[in-house]
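**Q** have a look at this fold, sequence not included:
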């Protein structure tokens with residue numbers, strides 16, 4: 001039943017996953033934490049509604065750091081010199097430095113004349129940490145200082161800009177110079193840059209790498225092309241050892257069983273009879289394995305059918321007018337990483353900007369593209385660089401600039417140094433201002449009401465829903481116009497058709513069934529949703545520069561596993577949900593080379609995740625996830641393919657040796673071919689029951705392919 005806590009959750013003292021927060025006491029939220037949360041809410045209300053009260057000396061001198069931070073933030077509510085002086089005196093205080101930074105940034109955004117006292121403090125400051133914080137504040141207003149180069153304070157302004165660059169804030173200057181067309185300003189800035197490079201030679205690499213070609217005359221060598229972090233990970237000895245161990249285990253498992261079961265006659269058998277006996281036994285084991293796998297799929301199929309009917313009824317009774325009322329549904333930030341997407345980015349953004357959802361924003365993260373992705377976005381949507389402050393909860397590569405159009409409040413474009421998809425997603429999480437994060441590939445297209453259907457599933461639960469997943473389908477063969485799928489057709493490419501059946505089977509059978517039993521661990525990176533608070537608390541997506549100092553190619557599944565793990569350790573009831581009718585369309589490989597690379601990447605990601613979270617495997621402390629979901633992925637998704645490969649080779653060997661007997665052949669046909677075909681057909685029927693995906697003729701072709 002929805003909302004009921006699992007009976008197996010009555011488990012012992014919770015452990016702590018690597019990097020996760022210290023778990024709360026078992027059971028419901030404790031009184032101490034409840035008081036803390038209530039106090040924080042009261043501080044937020046006072047800060048936003050009554051900043052004059054909150055900024056009083058009583059709260060600024062409070063012994064509670066959370067109260068002090070709220071009081072510091074409230075000082076930005078009044079554009080007064082005395083408030084500015086108070087904030088400057090607090091910049092050196094480690095406990096409230098971040099709050100003082102945010103408050104000063106907001107004050108100077110609305111009133112640039114308040115920058116002068118900050119400049120004075122910056123030029124005389126000796127503490128390197130405080131000086132760095134002040135440099136970051138001034139760097140947000142770099143265009144204001146550059147505009148003063150033509151005024152009466154040229155020497156002072158040049159000195160300020162030079163000190164900002166020497167403090168390491170170069171991305172803002174680079175961004176302005178790449179866009180600037182004023183020759184006088186360019187000459188003045190180049191002179192400043194040359195002086196800074198002379199004093200700090202390590203800056204040369206940054207300017208050499210990110211300057212446009214017309215500015216690279218500054219450098220004494222040709223600029224190297226920045227390398228994209230593609231997700232190809234360095235060789236990990238631990239991973240290779242695990243992989244080798246799994247391979248050895250899968251190869252030796254059946255021979256070991258064979259030796260134990262026939263120990264009494266092995267000494268009497270010659271080589272050929274022993275091989276024939278082994279092949280016969282292996283075929284029987286293969287039949288049992290195939291039956292076990294397909295029985296699980298049939299069970300999941302039945303659960304999926306029940307779940308689809310329940311979801312359809314729930315969606316039919318939901319009133320769209322009610323869903324669009326304020327605060328009914330949580331706010332959502334869609335984060336779409338983009339790398340060299342200049343040709344398709346406009347179509348994708350137009351699609352994501354026209355979703356039917358009451359409160360959402362779209363954050364496009366340009367992950368150091370070497371093509372014209374950023375320029376294309378800026379030109380098409382008339383974007384302007386802004387001084388936007390945000391809380392950097394997750395460690396990421398440097399953000400070079402944030403761009404918005406005041407007339408398009410939903411759209412935010414972030415330009416950053418290349419760090420890979422996971423790093424770009426973490427940057428989007430930092431910038432996000434909404435309650436939930438929706439991760440999506442920049443080249444994927446959502447149906448207009450997909451986000452509404454997905455998020456509205458939260459209303460059906462009486463416990464927290466930390467993550468949700470949508471349906472992903474191949475777009476190959478579909479007609480796309482102005483960022484929307486106008487005609488849904490199956491692909492013409494045979495390999496893509498097979499993947500269409502596979503996707504429908506995986507989502508309509510596998511993930512629906514797992515979600516029904518609250519065992520869902522995989523949420524596709526093409527269309528997934530999770531609470532920002534939960535994502536931040538577990539450290540965001542796994543990257544080498546982040547909390548765990550480790551990369552993974554399966555970042556979408558890994559963060560869901562980490563969230564589930566933390567919820568179990570905190571003893572919080574929760575449900576991971578899946579929406580069968582929230583469709584996302586994405587392109588699938590149409591050649592064997594690309595498909596092979598994709599599947600190798602997926603398999604490596606799965607192995608890395610199971611190894612990183614190995615403590616959960618067969619561990620009753622983690623409830624049904626530890627005892628059902630994780631063992632399933634280990635036995636049937638990691639070891640299974642290795643065993644299946646041996647099984648098919650053994651069947652061929654049996655045919656060659658003449659020991660593929662009729663009864664075994666029939667069992668193999670029923671267990672492998674017939675059962676697999678029936679599951680694929682059943683998945684297509686469930687998909688049709690859920691709602692027509694393709695025209696009847698195309699559905700018929702899929703049934704024939706199945």
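**A** Perfect, thanks for sending it. In this text, all values refer to a predicted model and were calculated from it rather than measured experimentally.
**Q** report the longest strand in the protein, please.
**A** The longest strand of the chain (DSSP state E) is strand 574-586.
**Q** got the buried residues for the very next helix or strand once past that strand?
**A** Using DSSP states H and E, the helix or strand that follows strand 574-586 in sequence is helix 592-612. Across helix 592-612, burial judged by 16 or more other C-beta atoms under 10 Å covers 595, 603, 604, 605, 606, 607, 608, 609, 610, 611, 612. For every residue, glycine as well, the C-beta is placed using N, CA and C.
**Q** test my guess that residue 396 contacts residue 423.
**A** Yes: Residue 396 is within contact range of residue 423, at 5.3 Å (criterion: C-beta atoms under 8 Å).
**Q** list residues touching both of the two?
**A** 416, 543, 545, 546 (C-beta atoms under 8 Å, 6 or more residues apart in numbering).
**Q** leaving out the residues flanking it, which one is nearest to the last one?
**A** Residue nearest to residue 546 in three dimensions, not counting chain neighbours: residue 395, with 5.2 Å by C-beta to C-beta, 6 or more residues apart in numbering.
**Q** over to the third one?
**A** Distances taken as C-beta to C-beta, 6+ apart put residue 395 closest to residue 545, at 5.6 Å, once the chain neighbours are dropped.
**Q** for stretch 527-541, what is the average pLDDT?
**A** When pLDDT is averaged along stretch 527-541, the result is 91.
**Q** what is the end-to-end distance of it?
**A** One end of stretch 527-541 to the other measures 15 Å (C-alpha to C-alpha, to the nearest Å).
**Q** next, the buried residues of it.
**A** Residues 527-532, 534-541 are the ones in stretch 527-541 that count as buried (16+ other C-beta under 10 Å).
**Q** ok, so of these, who is nearest residue 693?
**A** Relative to residue 693, the closest of the buried residues of stretch 527-541 is residue 527; by C-beta to C-beta it sits at 15.3 Å.
**Q** hang on, that closest one packs against residue 450?
**A** Yes: with contact defined as C-beta under 8 Å, residue 527 reaches residue 450; the gap is 7.4 Å.
**Q** between those two, which contacts overlap?
**A** Residues touching both residue 527 and residue 450 (C-beta under 8 Å, 6+ apart) are 470, 582, 584.
**Q** show me what the last one is bridged to.
**A** Looking back up the chat, that one is residue 584. residue 446, residue 472 (DSSP bridges).
**Q** got the contact list for it?
**A** Taking C-beta under 8 Å, 6+ apart, we find residue 584 in contact with 440, 444-447, 450, 470-473, 524, 526-527.
**Q** can I get the buried ones among those residues as something I can paste into ChimeraX?
**A** Of the contacts of residue 584, the buried ones go into a single ChimeraX selection, burial set by 16+ other C-beta under 10 Å:
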select :440,444,445,446,447,450,470,471,472,473,524,526,527
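**Q** ok, residue 294 - how many residues close by?
**A** 19 (other C-beta atoms under 10 Å).
**Q** for residue 549, see how far away it is.
**A** 41 Å (C-beta to C-beta, to the nearest Å).
**Q** kindly report the same for residue 389.
**A** For residue 389 relative to residue 549 (C-beta to C-beta), the value is 27 Å.
**Q** more neighbours: which of these two?
**A** residue 389 (18 against 11).
**Q** any idea which helix or strand carries the residue nearest to the more buried one when sequence neighbours are not counted?
**A** Among residues not flanking residue 389 along the chain, residue 105 sits closest, at 4.2 Å (C-beta to C-beta, 6+ apart). Assigned by DSSP H and E, residue 105 belongs to helix 97-110.
**Q** can you list the neighbours in contact with the next helix or strand after that helix?
**A** As assigned by DSSP H and E, the chain's next helix or strand after helix 97-110 is helix 115-124. With contacts defined as C-beta under 8 Å, 6+ apart, helix 115-124 is touched by 81, 84-85, 88, 91, 104, 108, 131, 134-135, 137-138, 141, 144, 159-160, 163.
**Q** go again using 6 Å as the cut-off
**A** 84, 88, 108, 134, 160 (C-beta atoms under 6 Å, 6 or more residues apart in numbering).
**Q** what angle do that helix and helix 97-110 make?
**A** Between helix 115-124 and helix 97-110, the angle comes out at 130 degrees (axes from the mean of the first three to the mean of the last three C-alpha atoms, to 10 degrees).
**Q** contact partners for residue 597?
**A** Applying C-beta under 6 Å, 6+ apart, we find residue 597 in contact with no residue.
**Q** where along the stretch 601-706 of the chain do the helices fall?
**A** 623-624, 630-632, 639-657, 662-668, 675-690, 696-705 (DSSP state H, counting those that start in this stretch).
**Q** show me how far the second one is from its chain's centre.
**A** What separates the centre of helix 630-632 from the centre of its chain is 23 Å, taken as C-alpha atoms, centre = their mean, to the nearest Å.
**Q** now do that helix: everything it contacts.
**A** 616, 617, 618.
**Q** for the last one, give its distance to residue 634.
**A** To residue 634, residue 618 is 9 Å away according to C-beta to C-beta.
**Q** neighbour-wise, which of those two wins?
**A** Neighbour totals were compared for residue 618 and residue 634, and residue 634 leads with 18 against 13 (other C-beta under 10 Å).
**Q** quick revisit: pick the one among the contacts of helix 115-124 closest to residue 566.
**A** For the contacts of helix 115-124, with residue 566 as the reference and C-beta to C-beta as the criterion, the closest is residue 134, at 36.6 Å.
**Q** neighbours of the residue nearest to the closest one when sequence neighbours are not counted, how many?
**A** Counting by C-beta to C-beta, 6+ apart, the nearest residue to residue 134 once its immediate chain neighbours are dropped is residue 122, at 4.2 Å. Residue 122 has 22 neighbours, counted by other C-beta under 10 Å.
**Q** ditto for residue 578
**A** 28.
**Q** what bridges to it?
**A** Here residue 578, judged by DSSP bridges, has bridge partners residue 469.
**Q** for it, what are its contacts?
**A** 469, 511, 512, 515, 520.
**Q** and residue 453, how close does it get to residue 584?
**A** Taking C-beta to C-beta, one finds residue 453 at 11 Å from residue 584.
**Q** got the domain ranges for this structure?
**A** Here the domain assignment for the chain is 25-218, 331-432, based on automatic domain parsing.
**Q** where among those domains is average confidence lowest?
**A** Among the domains of the chain, domain 25-218 scores lowest, with a mean of 79.
**Q** and that one, how far out from the chain middle?
**A** That offset, for domain 25-218, works out to 29 Å (C-alpha atoms, centre = their mean).
**Q** average model confidence for stretch 242-249?
**A** For stretch 242-249, the mean confidence score works out to 77.
**Q** buried residues in that stretch?
**A** The neighbour-count check on stretch 242-249 (16+ other C-beta under 10 Å) flags 242, 243, 246 as buried.
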